[in-house]
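In: Any chance you can model this:
(2 chains)
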Amino acid sequence: MRGVELNERGQYPDFKQLTKRLTAYGSVVFAEFSLGGKDAVIPGTGLSIEDFVGKVLVEYTLGKIKHHKSRGSLITVLGTAMRNDIIDALRKRSHEREETRLSISANEDSEVQEREKPALDDYAQQSVPDQISVLDEADYRDRVRSAFDDEPALKEVVEAVLDLDLYKPEEIADAIGTDAADIQNRKKKLRRRLPATGLVTYRRKKAETYDESHS
Amino acid sequence: MTNRTPEESRNRINRLSEALFGTPDEIGEEEAEQLLSEAGLDSEAINDRLYKRLYAEAQQFWMANKELPPLLKKALEDLRPLSAPPRNESELARQAKAGVERIVEKAKLLASALVPDAPLEFSESYRNKQGLTDKDRNSLDAVQEQLKRKIERLKRKDDEG
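Out: Predicted coordinates for the structure are as follows:
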């Protein structure tokens, strides 16, 4: 067996453990994009956390995703690939929706509108991610800020990352006046709270549009 | 305003996410179990469905008379449901071992009187503890519920067995 197929300790990975940890990480990523619960799917695609976990694990077992130690631990390589797949699916979905909207509004033929409308209705099952711009960094920052605004200990970490551009636990700890272990605990708390809190849609863009239209 | 490619924007958001919520390897097995339980996800059922998916991939190799990639073989071994008929002596031994372990686990629980006949009541002394936020209390309530469900599930299995 080639080295690249083994885990970071040079052993075969334990697939039960790998699946469990990837699914847990997937639930955190889904919550970041306001998708939660065991039946959560990306609207319009029907893809669940389990589908994304399955995809990366199939690719890994077939050698389509290679693990090199230089890229970090195996779970990080697979988790990152999965996260990117989830974001791509969300982006694709919101892009398609935008295009469908444009094609409907551009076309005044009511027959065409009738034909295309059911497709939109099909996608209405979970509307939250459709309202967010998946790759809008400012929007993401706003949503994180508002989600943990009422929890001082978590808010401190959020502010250190978002306002001071600190990324390493040690740097954040120094800025807050605590130690790195405490930061890791707070990050754990952030992960646990995330599915409950959810990064709900922030309506900054709509507000701007309103201001612009009234200025 | 800076014009970034989608990939640059994604990388920037991923960087923020890593700093705030951690990287995948920061989630250990114990935390993973908690997260799955809170999300209502059943890891055994997920393993079973993933096994079927990998089995379908493996079939293509078998039909083409090709050897399975080693990682696919290992994944099938790891995820093979215990309910599946054993294909050889080592699998039979593995299933027997798992069966005995389950019985021992239940016996331990019974012995420690964690599975009472009466409805479960938990001590909620944490409720009076100072310094806990409402969210902390909610989290503790969730853990309590989770424990209750786990014990109830074991009780049911015990009754069925």
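In: and stretch A:175-195, anywhere near chain B?
Out: Yes. Stretch A:175-195 lies in contact with chain B when judged by CB under 8 Å from any CB of the partner chain; the contacting residues are A:184, A:187-188, A:190-195. Where C-beta positions appear, they are placed from N, C-alpha and C, glycine not excepted.
In: now what about that stretch, what contacts it?
Out: Residues outside stretch A:175-195 that contact it (CB atoms under 8 Å, 6 or more residues apart in numbering or on different chains) are A:27-28, A:31-32, A:36, A:147-148, A:151, A:153-154, A:156-158, A:160, A:164, A:166, A:169-170, A:172-173, B:20-22, B:26-27, B:31, B:34-35, B:38-39, B:135, B:139.
In: circling back to that earlier point, JSON lines for the residues of stretch A:175-195 next to chain B, including neighbour count, secondary structure and pLDDT?
Out: Written out in JSON lines, the entries for the residues of stretch A:175-195 next to chain B read as follows (neighbours: other CB atoms under 10 Å in any protein chain shown; DSSP: H, G, I helix; E, B strand; the rest coil; pLDDT from 0 to 100):
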{"residue": "A:184", "neighbour count": "15", "secondary structure": "helix", "pLDDT": "96"}
{"residue": "A:187", "neighbour count": "22", "secondary structure": "helix", "pLDDT": "96"}
{"residue": "A:188", "neighbour count": "17", "secondary structure": "helix", "pLDDT": "95"}
{"residue": "A:190", "neighbour count": "22", "secondary structure": "helix", "pLDDT": "95"}
{"residue": "A:191", "neighbour count": "23", "secondary structure": "helix", "pLDDT": "94"}
{"residue": "A:192", "neighbour count": "18", "secondary structure": "helix", "pLDDT": "92"}
{"residue": "A:193", "neighbour count": "19", "secondary structure": "helix", "pLDDT": "90"}
{"residue": "A:194", "neighbour count": "23", "secondary structure": "helix", "pLDDT": "88"}
{"residue": "A:195", "neighbour count": "19", "secondary structure": "helix", "pLDDT": "79"}
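In: Helices of chain B, residue ranges please.
Out: For chain B, applying DSSP state H gives helices covering B:6-21, B:29-39, B:43-63, B:70-79, B:89-111, B:134-160.
In: Around residue A:26, how many other residues sit close by?
Out: Taking other CB atoms under 10 Å in any protein chain shown as the criterion, the count of residues near residue A:26 is 28.
In: Could I get the phi/psi values of residue A:165?
Out: When read as degrees, to the nearest 10, the backbone of residue A:165 gives phi 50, psi 40.
In: Per-residue pLDDT of it, please?
Out: Residue A:165 is assigned 93 on the pLDDT scale.
In: From chain B, how far off is it?
Out: Between residue A:165 and chain B the distance, using CB to the nearest CB, to the nearest Å, works out to 9 Å.
In: pLDDT below threshold where in chain B?
Out: In the predicted model, chain B carries pLDDT under 70 at residues B:1-2, B:85-86, B:109-124, B:126-127, B:157-161.
In: make it 90
Out: The model of chain B has pLDDT under 90 over residues B:1-9, B:38-39, B:81-161.
In: Repeat that for chain A.
Out: Across chain A, the stretches falling below the confidence threshold (pLDDT under 90) are A:1-12, A:33-40, A:43-45, A:68-72, A:91-136, A:139, A:149-150, A:194-215.
In: Tell me how many other residues crowd residue A:168.
Out: With neighbours defined by other CB under 10 Å, the count for residue A:168 comes to 11.
In: Show me the domain layout of chain A.
Out: Here chain A is described, according to automatic domain parsing, as comprising the domains A:3-95, A:136-214.
In: most neighbours per residue, which of the ones you listed?
Out: Of the domains of chain A, the one with the most neighbours on average (mean count of other CB atoms under 10 Å in any protein chain shown) is domain A:3-95, at a mean of 19.
In: residues in contact with the most centrally placed residue in chain B?
Out: For chain B, the residue sitting closest to the mean C-alpha position, by CA atoms, centre = their mean, is residue B:43 at 3.8 Å. Under the criterion of CB under 8 Å, 6+ apart, the contact partners of residue B:43 comprise A:16, A:19-20, A:23, B:33, B:36.
In: Show me which of the residues you listed is closest to residue B:88.
Out: residue A:16 (20.0 Å; CB to CB).
In: A helix includes that closest one, no?
Out: Yes. Judged by DSSP: H, G, I helix; E, B strand; the rest coil, residue A:16 forms part of a helix.
In: For it, give its distance to chain B.
Out: Distance of residue A:16 to chain B, computed by CB to the nearest CB: 5 Å.
In: so which strand or helix has the closest residue to chain B within chain A?
Out: Ranking the residues of chain A by distance to chain B (CB to the nearest CB) places residue A:79 first, at 2.7 Å. Residue A:79 belongs to helix A:74-106 when assigned by DSSP states H and E.
In: now do residue A:67
Out: For residue A:67, there is no enclosing helix or strand under DSSP H and E.
In: which residues does residue 29 contact?
Out: As the question left the chain open, I've gone with chain A. By CB under 8 Å, 6+ apart, the contact set of residue A:29 is A:82-83, A:86, B:17.
In: other chain: chain B
Out: With the criterion set at CB under 8 Å, 6+ apart, residue B:29 makes contact with A:17, A:20-21.
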